[in-house]
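> Please work out how this folds:
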Amino acid sequence: QLQAFGGGLVQPGGSLRLSCVVSGFTLDYYTIGWFRQAPGKEREWVSCISSSGGTTYYSDSAKGRFTIPKDNAKNTAYLQMNSLKPEDTAVYYCAAYAGLRFCGEKNNYDYWGQGTKVTVSS
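Okay, here's the model as predicted:
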C-alpha cells in the first residue's frame, strides 16, 4: 500500500515536498515513480528512482526543479518540488513496481497511492 501526502496550495516560485509512505513491502526492492494528472489531461510521468536509489530519472518538465530522494529505513519516498509553476498544478500520485521495467511507463507499475493535490497559484 502506498499513501501520498504533502499536497497543498503554494505560490508560483515556491516549494513543496510530497511524501509517499509505503507499507506491506520494502522499498529496497521496488522502483518508485511519481506521476501527475491535471484536470482534463492524461496522467503523466514526472520522475522515478530505482530500488537501490542509485538511479533517478526526470521528465523534461521536472528536470532541474524536482528531486526524488527516498529513505529506505523509513520506507518513504519523496518528491521535492522547487520553483513551482502554475502548470505544475495537478493531483500527484506515487507508484511502485519490482523488477526491470521502463519506469516512465505508468502501465508498468503494480501499486498506486491515492494521490495528493498540488495547486500552484497566487
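
> tell me the contacts of residue 111?
Counting by C-beta atoms under 8 Å, 6 or more residues apart in numbering, residue 111 makes contact with 1-2, 25, 95-97. C-beta here means a position set from N, CA and C on the backbone, and glycine is covered the same way.

> Restrict those residues to the buried ones and give me that as a PyMOL selection.
With 16 or more other C-beta atoms under 10 Å as the burial test, the buried ones among the contacts of residue 111 are selected in PyMOL as follows:
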select buried, resi 2+95+96+97
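
> Just the contacts of residue 111: which are in strands?
Cross-referencing those against strands under DSSP state E gives 2, 95-97.

> count of neighbours near residue 39?
In terms of burial, residue 39 registers 7 neighbours under the definition other C-beta atoms under 10 Å.

> Show the pLDDT at it.
pLDDT recorded at residue 39 is 92.

> gap between it and residue 86?
Counting by C-beta to C-beta, to the nearest Å, the separation of residue 39 from residue 86 is 13 Å.

> which residues are in contact with both of the two?
Shared contacts of residue 39 and residue 86, defined by C-beta under 8 Å, 6+ apart, are not found at any residue.

> Who are the packing partners of the helix or strand hosting residue 18?
With elements taken from DSSP states H and E, the one containing residue 18 is strand 16-22. If you count contacts as 3 or more C-beta pairs under 8 Å, 6 or more residues apart in numbering; DSSP states H and E, strand 16-22 packs onto strand 2-5, strand 31-37, strand 76-81, strand 90-97, strand 116-120.

> Let me know the average pLDDT across that strand.
In this model, strand 16-22 has an average pLDDT of 97.

> quick one: strands adjacent to it?
strand 2-5 (antiparallel), strand 76-81 (antiparallel) (DSSP bridges).

> Going by neighbour count, list what's buried in stretch 6-16.
Using 16+ other C-beta under 10 Å as the test for burial, stretch 6-16 gives 6-7, 10, 16.

> just stretch 34-46 next, same as before
34-36, 43, 45-46.

> Report the two of these separated the most.
Within those, 34 and 43 form the most distant pair, 10.8 Å apart (C-beta to C-beta).
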